[in-house]
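**Q** Quick one: sequence plus predicted model below, questions after.
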Amino acid sequence: MKLTTLPKIGLRNVKTALSVLACILFFEIIRWGQSPFYACIASVICMGDSVENSMKAGKNRLIGTLVGGLNGIIFIFIYPFVPIPLPLLVSLGIVIVIYTGVLIKKPASVSISCVVFLAITTNLKGLTSYGYAINRIIETAVGIIIAIFVNKYVNFPSRDDSLSE
């Protein structure tokens, strides 16, 4: 009977876990009072196989979050004054969000823009929706920054490096 060797836990795996830990601890330290969920998601998604790929993913995620968040804030503001049923208005908003991504030539940011817009507009709770939108943008930015920082500065010597001096 042949035993199969399990693969080792890779550096990207460890860095991803460290960036999630850093997000959770950061929000605990500053006593954010809310879940660090969106920061953790951003750090997981932005942890690439290189710093450059992390920067690229982070940039797309941040642009998408800003586009979706700002459109969501505008939506919250105009919603009470528009005599269109909410489902139709949200659908129209999706068209605008996607079109915004096309206009600014950031197609890689469109899907996250839509997710953020929907998270804001399908959870309308009065004025707290503004706070939700702003917190969502801040938390995502923190997660992106932490992922890039961890990817850039956390390195462990490989076995080959530790053998050669």
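**A** The structure has been received and is ready for your questions. Residues are numbered from 1 along each chain as shown.
**Q** got the buried residues for the helix or strand hosting T140?
**A** Counting by DSSP states H and E, the element that carries T140 is helix 128-153. Buried residues in helix 128-153, counted by 16 or more other CB atoms under 10 Å: 129, 132-133, 135-137, 139-148, 150-151. To be clear about C-beta, it is placed using only N, CA and C from the backbone, and glycine gets the same treatment.
**Q** repeat for stretch 74-90
**A** Using 16+ other CB under 10 Å as the test for burial, stretch 74-90 gives F75, I76, Y79, V90.
**Q** What of stretch 39-56?
**A** The neighbour-count check on stretch 39-56 (16+ other CB under 10 Å) flags A39, C40, I41, A42, S43, I45, C46, M47, G48, S54, M55 as buried.
**Q** Next, the contact list for the second one, please.
**A** With contact taken as CB atoms under 8 Å, 6 or more residues apart in numbering, C40 is in contact with V20, C23, I24, G143.
**Q** circling back to that earlier point, of all pairs in the buried residues of stretch 39-56, which one is the farthest apart?
**A** Farthest apart among the buried residues of stretch 39-56 by CB to CB are C40 and M55. That separation is 18.8 Å.
**Q** got a list of contacts for stretch 71-89?
**A** Residues outside stretch 71-89 that contact it (CB under 8 Å, 6+ apart): 90, 92-93, 96-97, 100, 113, 116-117, 119-121, 124, 129-130, 133-134.
**Q** Where does the prediction get shaky in this structure?
**A** Along the chain, the model assigns pLDDT under 70 to residues 1-2, 124-128, 157-165.
**Q** Which parts of it are helices?
**A** Using DSSP state H, the helices found in the chain span residues 11-29, 37-46, 51-78, 86-103, 110-121, 128-153, 159-163.
**Q** ok, for the spatially most central residue of the chain, nearest residue in space, not its chain neighbours?
**A** Central residue of the chain (CA atoms, centre = their mean): A42, 3.1 Å from the mean position. Leaving aside its sequence neighbours, A42 sits nearest to G143 (CB to CB, 6 or more residues apart in numbering; 3.0 Å).
**Q** surely the one you found meets A39?
**A** Yes: using CB atoms under 8 Å, G143 makes contact with A39 at a distance of 3.5 Å.
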